[in-house]
Structure formats: C-alpha cells, structure tokens
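Peer 1: for reference, the sequence and a predicted model appear below.
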Amino acid sequence: MIRKTTHIVSALLAVIFSGQCMAAVSAAEAQKLKGPELTPIGAEAAGNKEGTIPAYTGEGLKTPAEFGSDKSDPYKRPDPFANEKPLYTITAQNAAQYADKLDGMIDMFKRYPNFRMDIYPTHRTIVYNKTVIANTMKNATECKGEDGDLRLEGCWGGFAFPIPTNGTQVMWDHLTTYIGYAWGGYSNSYVVSANGSSYLVQGNKVSEQSPYFDPKATAPATGKTIYWAFRDDTDAPSSQSGQKLVLIDSLDHVRRAYQYIPGLRRVKLAPTLAYDTPSPAAGGAATMDDAEVFQGAVDRYDWKLIGKKEKYIMYNNFKLADHTSCDDKKLLTKNFANPDCVRWELHRVWVVEGKLKPGFRHIYARRMMYWDEDSFSAGLSENYDAAGKLYRIVTALSIPFYVSEGGGALGDDTFNYDLQTGVWSAQGALGNVGAGVVHQEPKDMSFFSPDTMAGEGIR
C-alpha cells in the first residue's frame with residue numbers, strides 16, 4: 001500500500017512539474033481583478049509613489065467629433081494630446097541618469113549621439129468593453145495552458161492570464177491582447193538604409209480578424225481556435241502590386257501562411273514565414289516574429305518572468321495617425337524615427353526574458369520583452385545575438401481606440417532598429433493621408449483562405 005501510494009504521488013508530482021497543464025489562479029485571487037488593487041486585466045490600479053505614473057481610472061478616451069468626418073482621410077485620428085509639451089528630454093548627454101528605465105535602449109544613445117527621447121506626461125488611456133472584461137475574469141480561473149503553456153484550452157475572448165505566474169503566460173497575454181474582433185485599413189512599410197535613404201517596401205490594404213474575440217461565442221476556445229487572422233493585399237510599389245499574404249495563428253501555436261504571387265499565378269503554402277525568417281514588410285530589417293514586437297509561436301524559447309518595472313515606452317502615438325504634423329517624409333530620418341514625431345511615456349511594464357532552447361535555432365539567442373501592464377500591446381523588445389551583443393530593438397506604436405469603438409489599442413505597427421547595420425524600418429507606418437486602422441465589420445473566414453486569394457488574384 002505504501003509503495004502504491006508513493007507511485008501515485010510521484011506520478012502526480014511529475015505531471016505538475018512537467019508543465020503539462022498549468023492551472024489558473026484560485027477564485028479568491030481572481031476577485032482582485034474587481035479592484036481596488038488590480039484593474040480588470042491585472043494591472044496595478046494605483047499610480048507610483050512619485051506621481052509620475054497616475055492611477056488607472058478606466059475612463060478611456062472620448063471620440064472626437066471630427067473623427068471619421070473627413071471622407072478623404074477616414075483613418076485620421078486627431079491627437080487629444082497635441083497641446084502637451086515634453087516634461088523633459090533624454091539625450092546622449094544625460095541618458096546615464098535614466099539608465100534604470102532605459103535598459104538596452106541606452107545603446108541607441110551610444111550608437112547615435114543625436115538620438116533623443118521626448119518624455120511626455122503619462123496617460124493610462126487604454127480601456128476595454130464589458131465583454132472583454134467579463135471574459136478576462138472567467139479566464140483567471142478557467143483558462144488552462146497545456147503542454148507547458150504551448151497550447152491554450154478553455155479560454156474565453158479576453159486576456160488569457162490576467163494574473164500570470166510565468167513568462168510564457170505573459171507572452172500569451174500579449175498574443176491575446178484585445179485589438180478588436182475585426183479591424184483593418186491601409187498601411188505603408190518603409191526601410192531606411194544606413195546612409196539615410198528611404199524607400200517604400202510595401203503599401204498594403206490590411207484586414208485582420210480574431211475569432212477568439214467573437215462577442216457571440218457561447219463556448220470557450222480550444223487549441224484550434226484562431227486568435228489572429230491577417231491578410232494584406234499589396235498595391236505599392238508597382239513591382240509588387242497584386243501580391244497577397246495570409247497568416248493564420250491559432251491557440252495551439254500553429255501558424256499557417258499562404259502567399260499569392262502574380263508572376264506564379266498561384267497560391268503557395270509558405271511555412272517558412274515564421275520565427276526568424278526576414279519579414280518582407282521590413283526589407284529584411286526584422287524577423288517575422290518581430291511583428292507587433294512579438295508575433296507567432298512561443299515554443300523556441302524558455303520564457304522567464306522577471307517581474308515588473310518602470311520603463312519608457314512609446315505610448316499615445318496619435319501624432320503618427322493624425323496626418324497633420326508627421327507624415328512619412330518627416331518621419332523617415334537617418335538611423336531612427338524623427339524624434340519630433342515620437343511620443344514616449346513612463347509606464348509600468350511586465351519584464352520577460354526569453355532564452356533560446358537547446359536544439360532550436362533563431363538569430364536571437366536572447367530576447368528581453370517589456371509589455372505595458374494596461375494593454376500587453378504597447379512595449380518593446382531588445383534582441384541579442386549568439387555572442388550576447390544587442391542586435392535589434394523593436395518598439396510598438398501604441399494608439400488607444402476610443403471608448404465608443406469598444407476600447408483596446410492598436411499595437412500592430414513597429415519601428416525596427418538594427419544596431420549592427422544602422423538600417424531601420426517602419427513596419428506599417430501610418431503617417432500618410434489615407435493610412436490607418438479602424439474597427440470593421442467581420443468578414444466570413446473564407447476571406448482568409450488560399451482559395452479566395454487564388455480566385456481574386458491577377459491572372
């Protein structure tokens with residue numbers, strides 16, 4: 001009997017520590033999401049003791065009367081903070097005194113002495129609708145990570161782990177961040193060479209959708225549920241016009257990728273469009289999984305949750321979607337985005353370190369991820385090569401949606417800085433008239449299928 005009991009206990013411990021099924025938090029702990037300690041998605045509701053980070057109010061941003069009124073520029077988002085001035089500016093001369101909130105970003109000042117960061121007042125402007133909040137509450141006790149958190153089961157359309165207990169769960173919070181059920185618009189992607197010359201890589205009509213966030217769902221998601229469906233139809237430059245790309249990511253960390261290339265006149269499966277494959281939209285200056293700072297499967301890294309800290313990140317970047325002060329011509333300066341166009345704020349972030357697993361390959365041997373606690377979409381990454389040298393920095397353009405739109409934030413677009421070559425890219429720049437993103441009516445999922453791409457292709 002003793003031997004049998006010992007075997008049972010050993011078996012249970014093996015299951016627990018193998019990470020085959022990571023349990024959610026207790027019901028008592030989940031109640032913290034109702035306040036006053038935590039916000040509905042698990043952020044600290046209080047501000048910091050210095051008062052430089054305010055308390056979270058959950059009020060969000062009201063829709064400006066002029067939003068959507070200009071039919072020639074339907075994606076323009078008026079800047080609610082246009083009259084604010086920077087509190088202070090970080091330069092190469094004073095960067096050392098802010099090092100604890102810069103981390104790897106301090107290397108930008110070392111490499112580029114004329115780089116600067118204008119630090120604006122912090123606004124916690126990202127809020128969520130009642131459905132997302134209710135589903136996030138369910139997920140706190142019901143969402144499960146299987147196979148060492150590589151597959152999610154039993155999760156509803158909200159943040160998967162509002163009270164995360166490990167690094168992989170924080171990464172899933174980023175992947176399941178709320179942008180909407182369906183959204184899209186038009187974006188441009190540029191590359192700026194080391195000598196300062198810039199060129200348009202792609203101009204794309206973009207459609208994105210998340211069946212995971214279907215507000216009419218009556219059952220929790222399974223590992224096969226799609227959390228991100230993406231399609232772009234390229235119409236610029238003329239040499240690439242007619243190309244189409246579809247990416248489908250599901251909760252079992254499986255990616256399906258399809259390309260339509262007019263010269264071939266067929267759709268091809270493109271399984272290599274993942275991990276460290278150079279991104280077509282970044283001209284090789286970023287990897288496929290650099291999209292949205294990180295996008296795709298989490299299986300090649302051991303993700304360690306370091307904790308939280310205060311850090312400067314790009315936030316409330318309405319200036320880049322306002323189309324009145326910073327178009328792409330002004331934005332695309334040598335070595336880095338024009339500091340006049342970029343807004344930085346101080347926010348609390350989750351810190352996650354990713355180390356490449358033995359036997360796996362990726363050009364980044366180590367990745368440091370910093371995710372805004374109020375959204376998991378705003379933030380940045382610092383990516384290191386096999387020699388331990390900082391290789392690339394990727395930072396998200398964060399633009400909150402208005403309350404009337406259902407809340408959430410756009411964090412799709414990124415600036416990608418290659419510190420070893422001096423090349424940088426604006427992946428999904430929104431500076432030009434006619435560029436931007438709004439919520440849209442959901443499409444039939446067949447729109448994201450290879451058959452539809454083939455049927456619409458240029459023959």
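Peer 2: Now that the structure is in, tell me what you want to look at.
Peer 1: where does the stretch 201-350 of the chain dip in pLDDT?
Peer 2: The model of the stretch 201-350 of the chain has no residue with pLDDT under 70.
Peer 1: can you give me the helices in it?
Peer 2: Secondary structure of the stretch 201-350 of the chain (DSSP state H, counting those that start in this stretch): helices located at 319-322, 328-331.
Peer 1: list of residues touching the first one?
Peer 2: In this case it means helix 319-322. Outside helix 319-322, the residues within contact range by CB atoms under 8 Å, 6 or more residues apart in numbering are 75-79, 82, 325-326, 331, 341-343, 397, 399, 429-431, 436. C-betas here are computed from N, CA, C, even on glycine.
Peer 1: how far does it sit from its chain's centre?
Peer 2: The gap between the average C-alpha position of helix 319-322 and the chain average comes to 18 Å, counting by CA atoms, centre = their mean, to the nearest Å.
Peer 1: please apply the same query to the last one.
Peer 2: Distance, stretch centre to chain centre, for helix 328-331: 23 Å (CA atoms, centre = their mean).
Peer 1: now for that helix, which elements pack on it?
Peer 2: Under the contact criterion of 3 or more CB pairs under 8 Å, 6 or more residues apart in numbering; DSSP states H and E, helix 328-331 touches strand 424-429.
Peer 1: and the strand it packs on, which strands flank it?
Peer 2: strand 182-192 (antiparallel), strand 414-418 (antiparallel) (DSSP bridges).
Peer 1: for it, give me every contacting residue.
Peer 2: Outside of strand 424-429, the residues that reach it under the criterion CB under 8 Å, 6+ apart are 187-192, 201, 206, 279, 281-283, 285-286, 290-291, 320, 328, 331-332, 335-337, 397, 412-418, 435.
Peer 1: and the average pLDDT for it is what?
Peer 2: Regarding strand 424-429, the rounded mean pLDDT is 93.
Peer 1: and the next helix or strand past that strand?
Peer 2: For strand 424-429, the succeeding helix or strand toward the C-terminus, using DSSP states H and E, is strand 436-439.
Peer 1: list the contacts of stretch 228-238.
Peer 2: Outside of stretch 228-238, the residues within contact range by CB under 8 Å, 6+ apart are 175, 188, 200, 202-211, 240-249, 295, 445, 447-448, 453.
Peer 1: let me redo that: stretch 66-76
Peer 2: Residues outside stretch 66-76 that contact it (CB under 8 Å, 6+ apart): 77-78, 185-186, 321-323, 402, 430, 433-438.
Peer 1: what does stretch 325-335 give?
Peer 2: When contacts are taken as CB under 8 Å, 6+ apart, the neighbours of stretch 325-335 outside the stretch itself are 79, 82, 111-112, 115, 188, 190, 192, 194-196, 198, 319-320, 337-338, 340-341, 422, 424, 426, 429, 431-433.
Peer 1: which residue packs closest to the residue most central in space within the chain, ignoring adjacent ones?
Peer 2: In the chain, the centroid-proximal residue (CA atoms, centre = their mean) is E292; its distance is 3.6 Å. Distances taken as CB to CB, 6 or more residues apart in numbering put D412 closest to E292, at 5.6 Å, once the chain neighbours are dropped.
Peer 1: confidence score at the closest residue to E142 other than its chain neighbours?
Peer 2: The spatial neighbour of E142 that comes closest, neighbours along the chain excluded (CB to CB, 6+ apart), is G154 at 5.2 Å. Per-residue pLDDT puts G154 at 97.
Peer 1: how near is G154 to A24?
Peer 2: Separation of G154 from A24 (CB to CB, to the nearest Å): 9 Å.
Peer 1: mind checking which of the two has more residues around it?
Peer 2: Between G154 and A24, counting by other CB atoms under 10 Å, A24 is the more crowded of the two (23 against 18).
Peer 1: what bridges to K355?
Peer 2: Beta-bridge pairing for K355 (DSSP bridges): D302, R366.
Peer 1: that one: neighbour count?
Peer 2: Every residue meeting other CB under 10 Å relative to K355 is counted, giving 16.
Peer 1: look up how far S398 lies from it.
Peer 2: In this structure, K355 and S398 are separated by 27 Å, where distance is defined by CB to CB.
Peer 1: what do you get for G203?
Peer 2: When CB to CB is the yardstick, G203 and S398 sit 22 Å from each other.
Peer 1: more neighbours: the two, which one.
Peer 2: S398 (26 against 22).
Peer 1: for the residue lying closest to that one once chain neighbours are set aside, phi and psi?
Peer 2: The spatial neighbour of S398 that comes closest, neighbours along the chain excluded (CB to CB, 6+ apart), is A378 at 3.5 Å. Recorded main-chain torsions at A378 are phi -70, psi 150, according to degrees, to the nearest 10.
Peer 1: tell me who's in contact with A378.
Peer 2: Taking CB under 8 Å, 6+ apart as the definition of contact, the neighbours of A378 are 126, 313-315, 347, 371-372, 396, 398, 409, 411.
Peer 1: ok, back up a step: ChimeraX command for the buried members of the contacts of helix 319-322?
Peer 2: What follows is the ChimeraX syntax for the buried subset of the contacts of helix 319-322, where burial is set by 16 or more other CB atoms under 10 Å:
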select :75,76,77,78,79,326,331,341,342,343,397,399,429,430,431,436
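Peer 1: so which of the contacts of helix 319-322 are in strands?
Peer 2: Judged by DSSP state E, strands contain the following of the contacts of helix 319-322: 399, 429, 436.
Peer 1: rebuild the residues you listed as JSON lines, extending it with distance to A28.
Peer 2: Conversion of the ones in strands among the contacts of helix 319-322 to JSON lines gives the following (distance: CB to CB, whole Å):
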{"residue": "I399", "distance to A28": "36"}
{"residue": "A429", "distance to A28": "46"}
{"residue": "G436", "distance to A28": "43"}
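Peer 1: and T6, what's its pLDDT?
Peer 2: Spelled out, the predicted local distance difference test score at T6 is 40.
Peer 1: could you do the one 5 residues further on as well?
Peer 2: According to the predicted model, the pLDDT of A11 comes to 39.
Peer 1: again, but for the one 4 residues further on
Peer 2: The score at V15 is 38. That number is its pLDDT.
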